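Enquirer: Whatever this is, show me its structure:
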Amino acid sequence: MTNIKTKFFLNRKIYLTIIFFIILIISFILSLILGAENLSIQKIYNNDILKNILLVFRLPRSFLVLISGALLAGSGTVFQGYFRNSLADSGIIGVSSGATLGAVLSSFLPITFFSFLNFLISPIVLFAFLGAVGSAFLIYLISKITNNSFQQNSSVNLLLAGSALGSFFSALTSVIILSRDRELHKMYVWTLGSFNGKTFDDLFFILVPSVFAVYLLFLCTKKLDLISSGEKTATSLGLDVKKFRFLVLFSGSLAASCAVCSGGTIGFVGLVAPHIVRNVVSPNHKTLLPLSMLIGSSLLLISDTIARTIIAPAEIPVGVITSLIGAPFFIYIIFSSKGKIQ
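Expert: Residues are numbered from 1 along each chain as shown. The predicted structure is shown next:
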């Protein structure tokens, strides 16, 4: 009987993985052909302008959206697993707001100030990462201070601390944006989330740190299953909780900051994707992380396509679309499971 159940769940996981992958491919293709100008093979065959639209604008944009969706879903999965709270998305707990503040602050730097870093990482990515990891550590410290044991009421402390710091960082970002009149509209749209005008330069800009972030996220998977029973149990099983905490905060913050640098502040992707996979496939993080990243990429690709087409030729910031999808989902999670990972 046990073998039959194991085989059933294994087959189900394989079938759902194939389905999720097909959804991703369809979402990617739709993101290429739909927009202010709908494309087709017949249209672009003898039309250099449409070829240019496809290859120069839509293709790098779609790849950026795909990567950003995977990074947001990956960071959400890792944060939810570590904090043992299905509401611990990088946007909701304030990490994305910290990354946004850091990226905006980098605009005050002289162009040549960090020129020696351009071969490794851009000043925007660096400051976004510092803002993200700084906010993550602040949230963790506040949760620990208000709670002697991280196992009691940690969900409430985490969400309250994250919401408060996220609002604070957003307010600081708004003040900075308002003080720079020339870049007001551009930076405002960026804080709402937008991939408009992205090119291959933007894609290559965040490719290396994104790949590194994904690698670090996958390093967390085994240990996230250990810590699901609590820090004391994980310690008794040989896990170095302090080192693992650093790995979680570093990898999740780097992933969130790369996503912020790609398309601005985009919420709820890291909340929705892991929750879907956890409920229909498996809570095991070896399965949960890669499948959540597939769903996250598909979700953001679909949202970006809607943002480009719903009022074409004008464009809605993609963060508005993900918020319209994610906010009701957030409320549903609160009422259905009270945010706790079972």
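
Enquirer: Could you list the low-pLDDT ranges of the stretch 51-200 of the chain?
Expert: 109-122, 125, 143-144, 146-159, 180-190 (pLDDT under 70).

Enquirer: Which stretches in it count as helices?
Expert: All helices of the stretch 51-200 of the chain, identified by DSSP state H, counting those that start in this stretch, fall at 59-83, 95-105, 123-145, 154-178, 184-192, 200-219.

Enquirer: Please identify the deepest-packed of these.
Expert: helix 95-105 (a mean of 30; mean count of other C-beta atoms under 10 Å). Placement of C-beta: from N, CA and C, glycine included.

Enquirer: when you compare where it runs with where helix 59-83 runs, what's the angle?
Expert: If you take axes from the mean of the first three to the mean of the last three C-alpha atoms, to 10 degrees, helix 95-105 sits at 130 degrees to helix 59-83.

Enquirer: Give me the helices and strands touching helix 95-105, please.
Expert: When contacts are defined as 3 or more C-beta pairs under 8 Å, 6 or more residues apart in numbering; DSSP states H and E, helix 95-105 packs onto helix 123-145, helix 154-178, helix 184-192, helix 241-263.

Enquirer: how about 6 Å then?
Expert: Counting contacts by 3 or more C-beta pairs under 6 Å, 6 or more residues apart in numbering; DSSP states H and E, helix 95-105 packs against helix 123-145, helix 154-178, helix 241-263.

Enquirer: nearest to Ile33, of those helices?
Expert: For Ile33, the closest of the helices and strands packed on helix 95-105 is helix 241-263, at 20.2 Å, according to C-beta to C-beta.

Enquirer: List the neighbours of the helix or strand just after the closest one that are in contact with it.
Expert: Next helix or strand after helix 241-263 toward the C-terminus (DSSP states H and E): helix 269-280. Helix 269-280 has contacts (C-beta atoms under 6 Å, 6 or more residues apart in numbering) with 69, 72-73, 75-77, 80, 86, 89-90, 288, 291-292, 295-296, 299-300, 322, 326, 329.

Enquirer: Can you give me the buried ones in helix 269-280?
Expert: Using 16 or more other C-beta atoms under 10 Å as the test for burial, helix 269-280 gives 269-278.

Enquirer: how about the helices of the stretch 51-200 of the chain in a markdown table, adding distance to Asn47?
Expert: Listed next are the helices of the stretch 51-200 of the chain as a markdown table, based on distance: least, C-beta to C-beta, whole Å:
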| stretch | distance to Asn47 |
| --- | --- |
| helix 59-83 | 16 |
| helix 95-105 | 37 |
| helix 123-145 | 35 |
| helix 154-178 | 39 |
| helix 184-192 | 29 |
| helix 200-219 | 21 |
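
Enquirer: Please consider this matter closed, and thank you.
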